[in-house]
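> When you get a sec, could you give me coordinates for this:
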Amino acid sequence: MLKFLILSLFTSSSFAVSFNEAVEILTNHSRVESMQGVSRSVTDSGGSKGSWGDPMFKLSAKNFPKDSLKRDETPMTGIEFGISQKTSLTNKYGNIQESFNKLAKSYEYEAQDVKRELTKSLWEILILKRKINEEVDILKENLVWLSKMLKVSKKLYVNGKTSQQAILDIEIRKSEIEMDLNGRESELLKIKDGLKYLLGSKNSMIEEATIPWSILDKKSKKKNDFKELSLKSKVQSKDLALKAANKDYIPDITFSLGYTKRSNIDGRGDFVGASLSFPLPFSGDKYSKKGVAVHEKYTAKKNLENYKRVRERDRSILSHQIESVEKDLHIINSKTIRFARNSRSITSKSYGLGNSSYVELLQSELKLQSILMLKSRLQAMRDSYKIALKYTSGENLSE
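Sure, this is the predicted structure:
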């Protein structure tokens, strides 16, 4: 019945997908698409900030007499049509647009890193699910063993070789295991909710056979550390912004051309005109902008340097943790489990002959269960460390 319930948790209202299909689904996750939207927004902003701006059209009525407002009473009266355009003497605006493009690329790398982060979360969920299933198998095997010991206890009780307390304590121990199984069922529900968040409500089940567990022990030759690439793009963006700030000291020039349509009462025809204007850099605005650009570039460089140092630290810590856990697993697999199984087997035989107490029997059972649970927990811990190391190192998390 329990097996059916656990199976139903992962089959109702859901479809099984392969691991690689699940990774592809993560490409369309809202967190990834949100970051991609930021990247596109920054690109469009760069097109705006890097533009000279639209040309200005001017239409004005000039020198009309205030009493009559007639256009043919004075030779200076006319209608002026003008057009002006701001231009730059440097490639400042090109640097600004390229700065935004580099920043947009940085967010694009962040979107790819978010996908890798979600893939890492998928791995962690699958590792946890495998651990819980292993624990369920351990508890079920223990439940079967206790049921046998309960039958033995009842025979011993009939023959007067054990007390009723022994039967009651074994029954209590069985009920504790049943409660543990119910707890694992609740954890499986949480895992299903985690998969729903990552893959959507219709894809909350992964085909077990498609999970590439072997990838945890493979070293990827090609590495893509999107976090580092993102930080490098930000440094390049801030460097271009600083170049633009330096060139901003050379002011933009506005050219204007005008044509004045007159009544021509003096026979001189229409007027034409041209003008050139530019701001005088006396305010602190340009100096402040450069100061901001200098500090932002410095901050971006330090963020990149710090990330590299943190990455090396985390790699070292994770490698040591993996090594330590594998040593513990080697001891458990080669010695501890075998000793614990032999101890339970010997104690159960001795108990059946009436030579060992039920307390010794339950102690041997509990000891073996604790060791098997520890093994499962250490394996999950080791694999979580491995996937974290691959993520930190920029290695592939899927085939």
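> hey, let's count contacts and neighbours off CA atoms from now on
Will do.
> Where does pLDDT dip in the stretch 201-350 of the chain?
Along the stretch 201-350 of the chain, segments meeting pLDDT under 70 span 203.
> Mind naming the longest helix for the protein?
helix 92-158 (DSSP state H).
> Please name the nearest non-neighbouring residue to residue 332.
Distance criterion C-alpha to C-alpha, 6 or more residues apart in numbering; nearest residue to residue 332, sequence neighbours excluded, is residue 375 at 7.0 Å.
> Quick check: mean pLDDT of the longest helix of the chain?
For helix 92-158, mean pLDDT rounds to 93.
> Kindly report the same for stretch 185-196.
Averaging pLDDT residue by residue across stretch 185-196 gives 90.
> Give the buried residues for that stretch.
The neighbour-count check on stretch 185-196 (16 or more other C-alpha atoms under 10 Å) flags 185, 188, 191-192, 194-196 as buried.
> Spit out the contact partners of the spatially most central residue of the chain.
With distances taken as C-alpha atoms, centre = their mean, the chain has residue 114 as the residue nearest its mean C-alpha position (3.1 Å). With contact taken as C-alpha atoms under 8 Å, 6 or more residues apart in numbering, residue 114 is in contact with 31-32.
> Kindly recompute the last result at 10 Å.
26-27, 29, 31-33, 35, 108, 120, 226-227 (C-alpha atoms under 10 Å, 6 or more residues apart in numbering).
> between those, which has the most around it?
The most crowded member of the contacts of residue 114, judged by other C-alpha atoms under 10 Å, is residue 108 (24 neighbours).
> how close does that residue sit to residue 96?
To residue 96, residue 108 is 18 Å away according to C-alpha to C-alpha, to the nearest Å.
> Please apply the same query to residue 236.
12 Å.
> Quickly list what's touching both of those two.
102, 242.
> Tell me which of the two has more neighbours.
More crowded of residue 236 and residue 96, by other C-alpha under 10 Å: residue 96, with 25 against 22.
> rewinding a little: out of the contacts of residue 114, list just those in helices.
26, 31-33, 35, 108, 120, 226-227.
> Check those residues and tell me the two furthest apart.
108 and 120 (18.7 Å; C-alpha to C-alpha).
> that older thread, which one among the contacts of residue 114 gets closest to residue 331?
So of the contacts of residue 114, ranked by how close each gets to residue 331 (C-alpha to C-alpha), first place is residue 120, at 28.6 Å.
> Isn't the closest one up against residue 383?
No - the criterion here is C-alpha atoms under 10 Å, and residue 120 misses it with residue 383 at 11.2 Å.
> about what we covered before: residue contacts, the residue nearest to residue 332?
Taking C-alpha under 10 Å, 6+ apart, one finds 131, 134-135, 325, 328-330, 332-333, 336-337, 369, 381 in contact with residue 375.
> now do residue 330
So residue 330 contacts 336, 375 (C-alpha under 10 Å, 6+ apart).
> hang on, it in a helix?
Yes - Residue 330: assigned to a helix according to DSSP: H, G, I helix; E, B strand; the rest coil.
> Going forward, the N-terminal residue is numbered 792.
With 792 as the first residue, the last one maps to residue 1121.
> Figure out the helix or strand that the closest residue to residue 1048 other than its chain neighbours lives in.
Spatial nearest neighbour of residue 1048, chain neighbours left out: residue 1065 (4.4 Å); criterion: C-alpha to C-alpha, 6+ apart. Taking DSSP states H and E as the criterion, residue 1065 maps to strand 1062-1068.
> could you dump that strand to PDB, C-alpha only?
Output in PDB follows, covering the C-alpha atoms of strand 1062-1068 (Å, rounded to 0.1, in the frame of the first residue of the first chain):
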ATOM      1  CA  PHE A1062      17.300  85.600 -46.000                       C
ATOM      2  CA  VAL A1063      19.400  82.600 -45.100                       C
ATOM      3  CA  GLY A1064      21.400  82.000 -42.000                       C
ATOM      4  CA  ALA A1065      23.600  79.500 -40.100                       C
ATOM      5  CA  SER A1066      24.700  79.200 -36.500                       C
ATOM      6  CA  LEU A1067      27.000  77.100 -34.400                       C
ATOM      7  CA  SER A1068      26.600  76.700 -30.600                       C
END
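> Direction included, what does it pair against?
strand 1044-1053 (antiparallel) (DSSP bridges).
> mind listing what's buried in the partner strand?
For strand 1044-1053, burial by neighbour count (16+ other C-alpha under 10 Å) applies to 1045-1053.
> How about the contacts made by residue 816?
Residue 816 neighbours (C-alpha under 10 Å, 6+ apart): 808, 810, 906, 989-991, 994.
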